[in-house]
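# Can you look at this prediction? I've put the sequence above it.
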Amino acid sequence: MRKSKFDISSQIPLSFKIKEFFRSLLFWEGRKKGMVHTRNIKLDDFRYIFFPKGFERYGYLGTSVCNENSVYFKALYPLVLALDYEAKPKWCPRWVLRFLHVFGSDKSIVRVRNWRLNNLLSKLTKGIGFIDWKTKWSDYDLRISIHAPEHLQELASAIENRFYSRGRQKELVEQIKALDSEASIIWGSVERLEKQLEELESKNEQN
């Protein structure tokens with residue numbers, strides 16, 4: 001039987017057909033609705049789900065620390081471990097939570113790709129998640145936002161206070177040494193170092 005010259009089905013490459021088939025699978029393509037849109041699922045998302053690299057294993061919490069050699073990573077790591085301990089059901093492998101994170105929450109804390117999967121993730125983790133972290137007035141003024149029970153909120157506050165104290169003390173010591181290189185330094189108290197700096201500044205002004 002002779003095909004019509006208008007029949008173009010045979011002209012479509014097999015590779016294109018296979019690609020379109022996979023793109024048509026459930027949840028594969030992103031969708032746009034007004035100002036909100038979900039992203040396309042990529043092969044790297046499956047790598048993230050089944051073969052996470054380092055800190056990515058806790059990605060379902062919403063963690064966002066990229067540089068694992070940074071001082072911020074070292075400060076936040078204990079908190080993430082505590083969140084994971086409370087959030088992950090003992091019977092549930094993390095790859096399941098990362099799967100729900102990708103296909104339910106679009107690997108985000110603000111978008112929803114599929115409400116059923118998103119709600120399932122929230123139910124399994126009891127709503128516990130790492131929302132955000134940032135520094136505000138200085139590089140040691142760490143601000144942490146999480147969804148978690150009160151004892152984990154207290155841990156986050158303790159990390160913030162400790163990180164601020166260490167950073168502020170280091171800054172004060174540098175200022176003191178700039179005024180008096182022979183000054184005796186006693187670490188451990190921001191207030192004590194601030195008082196010492198004020199006394200040195202007052203002494204210099206009088207001189």
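Perfect, thanks for sending it.
# Going by C-alpha atoms from here, please, whenever you check contacts or count neighbours.
Will do.
# Now do the SS call for the residue most central in space within the chain.
Per CA atoms, centre = their mean, the C-alpha nearest to the average position across the chain is that of residue 64, at 1.8 Å. Put simply, residue 64 is coil when judged by DSSP: H, G, I helix; E, B strand; the rest coil.
# And the helices in the protein, which stretches?
14-23, 43-50, 71-87, 94-103, 115-124, 150-179, 190-206 (DSSP state H).
# quick one on the thing from earlier: how many residues are close by the residue nearest to the residue nearest to the centre of the chain when sequence neighbours are not counted?
With CA to CA, 6 or more residues apart in numbering as the criterion, residue 64 has its nearest non-adjacent residue at 7.2 Å, and that residue is residue 132. The tally of other residues near residue 132 (other CA atoms under 10 Å) stands at 15.
# wouldn't residue 132 be in contact with residue 146 here?
Yes: the criterion here is CA atoms under 8 Å, and residue 132 meets it with residue 146 at 6.9 Å.
# Okay, now the unreliable bits of the chain?
1-12, 16-36, 65-66 (pLDDT under 70).
# quick one: residue 139 and residue 153, what's the gap?
21 Å (CA to CA, to the nearest Å).
# of those two, who's got more company?
residue 153 (16 against 13).
# got a list of what the spatially closest residue to residue 115 that is not a sequence neighbour touches?
Once flanking residues are discounted, residue 115 sits nearest to residue 104: 6.5 Å by CA to CA, 6+ apart. Counting by CA atoms under 8 Å, 6 or more residues apart in numbering, residue 104 touches 112, 113, 114, 115, 116, 117, 118, 119, 121.
# Nothing else from me, thank you.
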